[in-house]
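Trainee: Test case, fold it:
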Amino acid sequence: MVDLKWFNANPNLNRTKKGTYWSLFNLFNRVSNQGHFWGFGILQIGRRHLFFIGSEGVSILFIGKS
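Mentor: The predicted model follows:
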């Protein structure tokens, strides 16, 4: 049986010459004592996304809460 209380699916994180991480997409779900966190993002650069929707908010064109 698969436990879906925690997963993080994304291709390998890549690093720019300046050391910033980036990824094409990120899909995650985590259920813990701190709460239930989930989200889907496209083109993650550092901690920002080109598009992100999840339990912590919405980000479009790297603007917004993510």
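Trainee: Ramachandran angles for residue 47?
Mentor: With angles defined as degrees, to the nearest 10, residue 47 sits at phi -100, psi 10.
Trainee: For it, give its distance to residue 13.
Mentor: 12 Å (CB to CB, to the nearest Å). The C-beta positions use only the backbone N, C-alpha and C, and glycine is treated the same way.
Trainee: How about residue 51?
Mentor: Separation of residue 51 from residue 13 (CB to CB): 18 Å.
Trainee: Which one's more surrounded, those two?
Mentor: Between residue 51 and residue 13, counted using other CB atoms under 10 Å, the more crowded position is residue 51 (17 against 10).
Trainee: which other helices and strands contact the strand or helix carrying that one?
Mentor: With secondary structure defined by DSSP states H and E, residue 51 is part of strand 48-54. If contacts are counted by 3 or more CB pairs under 8 Å, 6 or more residues apart in numbering; DSSP states H and E, strand 48-54 sits against strand 35-45, strand 57-60.
Trainee: Reformat the ones you listed as a markdown table; add distance to residue 25 and mean neighbour count.
Mentor: As requested, the helices and strands packed on strand 48-54 are exported to a markdown table (distance: least, CB to CB, whole Å; neighbours: other CB atoms under 10 Å):
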| stretch | distance to residue 25 | mean neighbour count |
| --- | --- | --- |
| strand 35-45 | 5 | 15 |
| strand 57-60 | 14 | 14 |
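Trainee: Dump these to CSV, plus mean pLDDT.
Mentor: Below are the helices and strands packed on strand 48-54 laid out as CSV (pLDDT from 0 to 100):
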stretch, mean pLDDT
strand 35-45, 90
strand 57-60, 87
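Trainee: how about the ones you listed, which one is nearest residue 8?
Mentor: Closest to residue 8 of these, according to CB to CB: strand 35-45, at 10.0 Å.
Trainee: Check which helices and strands the closest one is in contact with.
Mentor: Counting contacts by 3+ CB pairs under 8 Å, 6+ apart, strand 35-45 packs against strand 21-32, strand 48-54.
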